[in-house]
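Novice: Give me a model of this one.
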Amino acid sequence: MVSKLKTPDGRPVRILVTNDDGIYGPGLAVLEEIARALSDDVWVVAPQWEESGASHSLTLADPLRLREYNERRFAVKGTPTDSVVMAVKKVMPEPPDLILSGVNRGQNLADDVTYSGTIAAAMEGTALGIRSFALSQSFGFQKREKGEAPVIHWETAREHGADVVAKLYQMELGPGTLLNINFPDCPPEKVTGVEATTQGKRDQNLLLVDERIDARGNPYFWLGFRREMSNPAEGTDLRAVMDHAISVTPLHLNLTQLEAMEALRQVLQR
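Specialist: Predicted coordinates:
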């Protein structure tokens, strides 16, 4: 049983729950369970519809619409980033102490973090000075017959999530840092542990464009990835999840490649 989180002044930690799969996403219900195991002060502000792949986009050319379901549950007709901004700046009477984004339907590993709306919501929270974690439930790592739907082990995130978040909440992350948590594609009893990982690298040759024809004879396209097993490096998020471990990767808002700075200065001084 995980103990409830408290702030230094003794009140319950105020948690904002959001996602990119939309207010009706099954992972959001899982994340609410995790949050309520940790606090009695939980708010939900999520996109009205699925916004997967939205990355860190803001809606600037259209108005945002806000729908209230009950006192602490709202949907925003916008992106995950919009949802966090609306929650912090408009909906909640006081900013949250912790933002949890997810649980995403599918992993956010390696290059995924640059596309992910789940990660972006945590990025926006971090930019606003709020401790923020992104949570994702991996699937598709297990072999299955052609046409067979993948099993999504939501119970893995549900069973392990509160304990992992409670431990990580005690960390001093420093400004600009968020945590990317990925649960492996296995039942909860087969999880091998929790690992601190680095961001891996996908083989982008697996990215595909699937062309199809609609009923009027016009082409349309789906973007996706071919499912092929790889051999990722030890210590990466990809390897940890492949080995049935929970991966925790610290990410930073500052994308400056410091190792290139001296070479850049030398080029500019010529």
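
Novice: Provide a list of residues in contact with the residue nearest to Pro95 when sequence neighbours are not counted.
Specialist: Among residues not flanking Pro95 along the chain, Val88 sits closest, at 5.3 Å (CB to CB, 6 or more residues apart in numbering). Heads up, the C-betas are built off the backbone N, CA and C, glycines and all. By CB atoms under 8 Å, 6 or more residues apart in numbering, Val88 lies in contact with Leu16, Pro95, Pro96, Gly125, Leu128, Ile130.

Novice: Of these, which is the nearest to Leu58?
Specialist: Set against Leu58, the nearest of the contacts of Val88 by CB to CB is Leu128 (13.0 Å).

Novice: If I look at the residue nearest to Pro95, what pLDDT would I see?
Specialist: Listed pLDDT for Val88 reads 98.

Novice: Checking my notes, it in a strand, right?
Specialist: No. Counting by DSSP: H, G, I helix; E, B strand; the rest coil, Val88 falls outside a strand, being helix.

Novice: Now do it against Asn104, distance only.
Specialist: To Asn104, Val88 is 21 Å away according to CB to CB, to the nearest Å.

Novice: next one: Gln142
Specialist: Distance, Gln142 to Asn104, using CB to CB: 18 Å.

Novice: So for these two, which residue has more residues nearby?
Specialist: Neighbours per residue (other CB atoms under 10 Å) separate Gln142 from Asn104, with Asn104 holding more: 29 against 11.

Novice: Which of the three states applies to the more buried one?
Specialist: Put simply, Asn104 is strand when judged by three-state DSSP.

Novice: 21 is where my numbering starts, stick with that
Specialist: Happy to do that; since the first residue is 21 now, the last one works out to Asn124.

Novice: just checking, it touches Ser156?
Specialist: Yes. With contact defined as CB atoms under 8 Å, Asn124 and Ser156 form a contacting pair (3.8 Å).

Novice: still on that earlier bit, which members of the contacts of Val108 are the farthest-apart pair?
Specialist: Longest distance between any two of the contacts of Val108 is 10.5 Å, between Leu36 and Leu148; criterion CB to CB.

Novice: Common neighbours of the two, please.
Specialist: Here Leu36 and Leu148 have Val104, Val108 as joint contacts, going by CB under 8 Å, 6+ apart.

Novice: can you list the residues that contact stretch 77-88?
Specialist: Residues contacting stretch 77-88 (CB under 8 Å, 6+ apart): 68, 94-99, 101-102, 105-106, 110-111, 140.

Novice: make it 6 Å
Specialist: For stretch 77-88, contacts defined as CB atoms under 6 Å, 6 or more residues apart in numbering pick out Phe94, Ala95, Val96, Lys97, Gly98, Thr99, Thr101, Asp102.

Novice: next one: stretch 218-232
Specialist: With contact meaning CB under 6 Å, 6+ apart, stretch 218-232 is reached by 130-131, 239-242, 244-246, 252, 255-258, 269.

Novice: Narrow those to those in strands?
Specialist: Secondary structure from DSSP state E places Pro239, Tyr240, Phe241, Trp242, Gly244, Phe245, Thr269 of these in strands.

Novice: Name the helix or strand of the protein that has the lowest mean pLDDT.
Specialist: When each helix and strand of the chain is scored by mean pLDDT, DSSP states H and E, strand 239-245 comes last, with a mean of 87.

Novice: just checking, what packs against that one?
Specialist: Other helices and strands packing on strand 239-245, by 3 or more CB pairs under 6 Å, 6 or more residues apart in numbering; DSSP states H and E, are strand 227-233.

Novice: The strand it packs on pairs with which strands?
Specialist: strand 239-245 (antiparallel) (DSSP bridges).

Novice: so how far is the strand it pairs with off the chain centroid?
Specialist: From the chain centre to the centre of strand 239-245 is a distance of 23 Å (CA atoms, centre = their mean, to the nearest Å).

Novice: Is Cys84 located within a helix, as I assumed?
Specialist: No Cys there; residue 84 is Leu. No. Using three-state DSSP, the secondary structure at Leu84 is coil, not a helix.

Novice: Which of the three states applies to Ala57?
Specialist: At Ala57 the chain is in helix, as set by three-state DSSP.
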